[in-house]
Structure formats: C-alpha cells, structure tokens
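In: no sequence on this one, just coordinates:
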C-alpha cells in the first residue's frame with residue numbers, strides 16, 4: 001500500500017459483517033517497489049513484438065495538465081474486452097462518486113488499454129503443503145494456472161487474497177511503450193473472487209465489492225494513506241493518517257481535532273498497536289469498506305491532487321515577457337482547476353505590492369497609471385478554497401503562481417535635440433523648450449495620444465511625468 005522496498009502489506013479490510021465472517025472476506029494489500037525495466041521500444045515495435053494492438057480508449061480528456069489515470073485488464077480474452085470496458089467504466093464512476101473525489105473527476109484524464117490474455121480468469125496456484133498445492137486460506141476456488149498477459153495470481157506471499165503479477169516489469173514495459181506519460185495505473189483482474197493489492201499500482205478483482213476495494217486501494221496508491229486497523233506491528237509507523245503522537249496540540253491532524261469525531265484512537269491489536277493512533281474509529285474507508293474517507297484522509301487526497309495539478313492551467317499573455325505596446329496591459333487567467341462547487345481565490349501584486357482591489361481572474365494596468373519606463377513584475381497567486389482542507393500549510397504549499405515581466409517599449413530615448421533656432425532638452429520633471437522665434441509644438445506620448453500643445457518663444461518648461469514622448473518627431477525620455 002505504501003511504496004516500501006521489499007515489503008508486503010497483508011491487510012484485512014472490514015466489510016461491516018459479523019465477526020465470524022471477517023476472516024472469510026479479507027482484503028489483502030501489498031507494497032510493490034519493482035522498478036520498470038530498462039527496455040526502450042517504440043509503441044509500434046512493442047505492438048509488433050507482443051502480437052497485439054493494445055488499443056487505448058479515452059473515456060475522459062481534460063487537458064495536458066490533468067492526471068493521466070489508466071486501467072489495464074488481466075485475464076480478459078479477445079472476446080471479453082467489452083466486459084473489461086464495462087468494469088473499468090463502473091470503477092471510475094464509483095470512485096468519482098466518493099467524497100472528496102466526487103468534486104475532482106475533472107482533474108483526471110481517464111483511459112483504458114485493452115490487453116488480450118490467452119486464457120480467461122486469474123491463476124490460483126496455491127502453496128505447497130504436505131506434497132500438494134493448497135490454498136493458504138482455505139478458499140474453495142480451484143487450484144489452477146491461467147495463461148494471462150500479466151500473470152496476476154492469488155496466493156502471493158502465502159496470502160490468498162493478494163493479487164500480484166508474476167513480473168511487474170511487464171506492466172511498466174507496456175506503459176512505457178504505449179502510454180509513457182501515465183501517472184496512475186490499475187489492473188482489473190477477471191475474477192469474481194475477492195482480492196486486490198496496492199502500491200506502485202493497484203489491482204482489483206471483479207467481486208461484488210470491487211468498487212469499494214478499488215476506492216480503498218486508490219487511497220493507498222494515490223495518497224499513501226495507511227490502513228486504520230491493526231495489520232501487524234511491522235505496519236505501524238508515521239503516516240498521514242497514523243501516528244504515535246496523541247497530543248491534541250501537536251498531533252499532525254490537530255486542525256481537525258474535535259471536528260467530525262476526529263481525535264486519537266488506538267489502532268490496537270498489540271502493545272505497540274495500542275501506542276499508535278488513527279483519526280477516527282470505525283468510520284473511515286481506510287478501515288471499513290462502504291464508508292466515507294475520514295476528514296484527515298479527505299484532506300490528504302486533496303493535498304495529493306494539488307501536488308499533481310496546478311490550479312492555474314492557462315493564462316494570457318501566454319508569453320511571460322511582456323512589452324508595453326498599448327495604452328493598457330491586460331492579464332487574465334483563462335482556465336483554472338477547481339473542485340466542483342469550490343471557489344478559487346486570486347491575489348494580484350505589482351512589484352511585490354498586493355493590489356487589494358484585484359481579486360478576480362483578471363487585471364488591467366494602464367500606461368499612465370504606473371512608471372512605464374522601467375521594468376515591472378506582475379504576479380498572480382491562485383488558491384482553491386475548500387471546506388475539506390483545514391491545515392493552514394495547505395494554502396501556502398499548493399498555491400499556483402504566474403509571474404509576468406513587463407519591459408518598456410523597445411525605444412531608444414533621445415534626451416536632447418536642436419535646430420538652428422530651436423532646442424528641446426529632457427530635464428527632471430519635464431521638457432525644457434527654447435526657441436528664438438515663435439514655435440508651435442505638440443507633444444505626444446508613445447501611444448500617439450496628445451499630452452500637450454505649446455507656443456514657444458524664448459524658454460518654456462513643460463512638466464510631464466516620467467515616460468517616453470514624441471516631440472517634433474523625436475523620441476524623448478524623461479526621468480526624474
């Protein structure tokens with residue numbers, strides 16, 4: 001469930017049944033730290049080598065900024081691919097009906113890759129005992145070997161419900177060739193027997209509780225959530241929803257303490273287990289199936305979403321180096337991510353000073369409102385406002401930011417020019433005009449707008465703010 005080296009997690013997920021039924025309905029989870037092989041091959045060459053097409057179906061595409069989640073199938077023959085697709089759609093739909101994921105479906109690109117196995121079903125190899133292979137947990141499922149693409153099988157690590165492939169590198173080789181930009185992967189196993197696993201990827205059977213198994217495994221695989229029940233001393237540690245600290249003032253979920261029944265409840269099961277704590281007792285999806293994620297787990301899922309997806313997706317100008325070329329500059333966030341029903345707060349600043357009046361998704365700067373001669377920086381910060389998040393560190397850690405650098409127009413300023421009887425000189429605060437005889441003069445700003453008209457005879461000072469002006473066809477740079 002967590003990605004720990006050479007470590008297998010065997011866990012029982014409570015289904016809300018009577019105690020005598022719990023052991024018969026166990027859910028086994030694993031850590032899988034097998035790294036992808038070094039094989040590099042093109043998609044076309046991989047397809048030719050493997051002798052099948054591996055067609056990709058796009059069930060939902062949001063954009064390149066979204067998380068690429070792909071489901072594969074094992075134990076589905078060529079004639080069973082519609083069955084695989086039906087299972088995939090159902091699991092996706094159920095996941096995005098569970099809080100908080102019901103707000104975040106549109107943060108994902110959802111795919112399937114059809115993988116053809118030679119035979120239908122999933123292997124149940126058993127373990128060798130007294131000269132024969134038997135199920136380590138006494139399942140009535142027949143002992144058999146099925147020729148499937150990934151070789152997923154029961155009885156891994158002497159635990160019947162643990163569904164693992166013979167060789168994880170085959171998963172990564174396929175993804176590297178067919179969909180190298182994947183970020184989250186699951187394998188649907190063509191068996192109605194109860195089972196699954198989690199870690200670097202998740203596996204899930206098509207048992208009647210498949211959707212809940214899938215959601216529980218998603219919590220482990222996507223957000224590294226711990227189980228909130230005792231699975232052995234070796235599985236106790238400091239995790240997002242598990243800790244040895246039960247001090248309400250310093251516990252990692254202190255911002256939730258006392259809300260929605262959150263506290264510090266012993267995991268139990270052993271002396272060590274009594275010294276480790278979970279946020280709630282018996283009401284979280286990470287302890288029992290058919291529950292909701294507890295507030296701490298909800299927040300952890302959203303933290304992971306914000307780690308992977310930036311709130312700001314697209315903005316204008318697209319080029320972050322901006323040159324003054326109009327009377328005003330417009331900045332706008334054209335597309336951003338937010339959970340359904342949530343809001344996004346924008347904070348704009350100019351050269352580090354917050355523009356308190358600008359809290360929308362756009363900003364307009366006028367040429368005559370700021371110094372358009374020097375370089376400036378415009379920044380916008382965007383933060384999703386979410387009632388599921390209470391940790392104050394979340395907003396600062398997961399705020400999307402865009403910076404623009406504003407440069408003056410590409411103009412070489414002329415500080416003085418003269419004719420036989422007329423001269424113009426830029427001085428602090430304006431232009432000093434000198435003429436031996438009457439001379440009519442119009443002064444324009446760089447945008448072509450008239451800013452002054454004077455009749456000069458002798459010497460005259462025209463006060464103007466800093467900027468670039470056009471005087472008698474010449475460009476003048478005024479600085480204070």
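Out: That came in fine, so what should we check first? What you see is a predicted model, and the numbers here were worked out from it, not measured in a lab. Numbers count the residues shown, from 1 in each chain.
In: ends of stretch 172-185, how far apart?
Out: One end of stretch 172-185 to the other measures 10 Å (C-alpha to C-alpha, to the nearest Å).
In: same thing with stretch 141-159?
Out: Note: stretch 141-159 ends 14 Å apart using C-alpha to C-alpha.
In: what does stretch 231-243 give?
Out: Between the opening and closing residues of stretch 231-243 there is a gap of 15 Å (C-alpha to C-alpha).
In: ok, now stretch 416-430?
Out: 12 Å.
In: And for stretch 57-65?
Out: Length of stretch 57-65, first residue to last, C-alpha to C-alpha: 19 Å.
In: from the chain's centre, how far out does that stretch sit?
Out: 14 Å (C-alpha atoms, centre = their mean, to the nearest Å).
In: Name the residues that touch that stretch?
Out: Residues from elsewhere that reach stretch 57-65 (C-beta atoms under 8 Å, 6 or more residues apart in numbering): 85, 88-89, 92, 105-114, 309-310, 313, 335, 337. C-beta: built from backbone N, CA, C; applies to glycine.
In: Please repeat the previous calculation with a cut-off of 7 Å.
Out: 85, 89, 92, 106, 108-112, 309-310, 313 (C-beta atoms under 7 Å, 6 or more residues apart in numbering).
In: what does stretch 243-256 give?
Out: Stretch 243-256 is contacted from outside by 238, 257, 262, 264, 275-277, 279, 295-296, 390-391, using C-beta under 7 Å, 6+ apart.
In: which of those residues sit farthest apart?
Out: Across those, no pair lies farther apart than 275 and 390, at 25.9 Å, counting by C-beta to C-beta.
In: These two: which has the busier surroundings?
Out: residue 390 (16 against 13; other C-beta atoms under 10 Å).
In: Over to the more buried one: give its phi and psi.
Out: phi -120, psi -20 (degrees, to the nearest 10).
In: Show the residue spans covered by the helices in the stretch 351-480 of the chain.
Out: Taking DSSP state H, counting those that start in this stretch, the helices of the stretch 351-480 of the chain run over residues 392-397.
In: Correction: the previous question concerned the chain.
Out: 19-22, 43-50, 81-95, 169-178, 210-223, 295-308, 392-397 (DSSP state H).
In: quick one on the thing from earlier: out of the contacts of stretch 243-256, list just those in strands.
Out: residue 277 (DSSP state E).
In: Confidence-wise, which of the contacts of stretch 243-256 comes last?
Out: When the contacts of stretch 243-256 are compared by pLDDT, residue 391 scores lowest at 88.
In: what's near enough to touch that one?
Out: Counting by C-beta under 7 Å, 6+ apart, residue 391 has contacts 255, 299.
In: That one and residue 264: what is the separation?
Out: Distance of residue 391 to residue 264, given as C-beta to C-beta, to the nearest Å: 17 Å.
In: what's the answer for residue 83, then?
Out: 45 Å.
In: Look at the residue nearest to residue 218 when sequence neighbours are not counted and say how many residues are nearby.
Out: The spatially closest residue to residue 218, leaving aside those adjacent along the chain, is residue 95, at 6.0 Å (C-beta to C-beta, 6 or more residues apart in numbering). When counting by other C-beta under 10 Å, one arrives at 21 neighbours for residue 95.
In: wouldn't residue 95 be in contact with residue 102 here?
Out: No: here residue 95 does not reach residue 102: they are 9.0 Å apart, not a contact under C-beta atoms under 7 Å.
In: what mean pLDDT would you report for stretch 54-61?
Out: For stretch 54-61, mean pLDDT is 98.
In: Let me fix that, I meant to ask about stretch 313-330.
Out: Summarised as a single mean, pLDDT over stretch 313-330 is 87.
In: Identify each buried residue in it, please.
Out: Of the residues in stretch 313-330, 313, 315, 322, 324, 329 count as buried by neighbour count, 16 or more other C-beta atoms under 10 Å.
In: what does it contact?
Out: 63, 65, 331-337, 362, 364-367, 372, 402-410, 447.
In: so where is this structure shaky, pLDDT-wise?
Out: 1-39, 325-327, 367-368, 371-373, 395-397, 409-413, 480 (pLDDT under 70).
In: Break it into its domains for me.
Out: Annotated domains of the chain cover 19-224, 311-407, 416-478 [automatic domain parsing].
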